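Q: please work out how this folds:
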Amino acid sequence: MSEGNKLLCCFSSESKIQILHCLSSGPKTVTQIIENCGVSQSAISQHLKKLKDLEIIDCNKQGKNQIYYLKQKDIAKIIKLIKNIS
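A: Residues are numbered from 1 along each chain as shown. You can find the predicted model right below:
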């Protein structure tokens, strides 16, 4: 999949945009993402998997927690632009 198509996929739902916005301020645990986005854990997990498969985000394990972060830093700039428009 091309980089452009990956970007379009990651902006295909409001929940994914919320997750990316949350991660644009720094790495977060799944619990922190859920608290910030107000979306169910199952929905967050599905979106995180999709974003990870698209290589937009990645995660590191710290103890029992998975810490998610933006793999592509330019995404934070795009998210900021989207949030300013809406």
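Q: low-confidence regions, this protein specifically.
A: Judged by pLDDT under 70, the chain has its weakly predicted residues at 1-10, 86.
Q: the residue nearest the centre of it sits in which helix or strand?
A: Residue closest to the mean C-alpha point of the chain, counted by Cα atoms, centre = their mean, is residue 20 at 3.4 Å. Here residue 20 is covered by helix 14-23, with elements defined by DSSP states H and E.
Q: off-centre distance for the helix or strand just after that helix?
A: With elements assigned by DSSP H and E, the helix or strand that comes after helix 14-23 is strand 28-29. Its chain's average C-alpha position is 10 Å from that of strand 28-29, according to Cα atoms, centre = their mean, to the nearest Å.
Q: now do the helices in this structure.
A: Under the criterion DSSP state H, the chain contains helices at 3-10, 14-23, 30-37, 41-53, 74-85.
Q: compare those helices and give me the one nearest residue 61.
A: Closest approach to residue 61 among those (Cβ to Cβ): helix 30-37, 11.7 Å. Glycine gets a C-beta too; all of them are placed from N, C-alpha and C.
Q: buried stuff in the closest one?
A: For helix 30-37, a neighbour-count test (16 or more other Cβ atoms under 10 Å) marks 30, 32, 33, 34, 36, 37 as buried.
Q: and it with helix 14-23, angle?
A: 110 degrees (axes from the mean of the first three to the mean of the last three Cα atoms, to 10 degrees).
Q: quick one: work out the angle between helix 30-37 and helix 41-53.
A: Using the same axes, to 10 degrees: helix 30-37 against helix 41-53 is 110 degrees.
Q: show me what helix 30-37 is packed against.
A: The elements that helix 30-37 packs onto, with contact taken as 3 or more Cβ pairs under 8 Å, 6 or more residues apart in numbering; DSSP states H and E, are helix 14-23, helix 41-53, strand 65-70.
Q: redo the buried residues of helix 30-37 as CSV? Include distance to residue 61.
A: Putting the buried residues of helix 30-37 into CSV (distance: Cβ to Cβ, whole Å) gives the following:
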residue, distance to residue 61
30, 12
32, 15
33, 16
34, 18
36, 20
37, 21
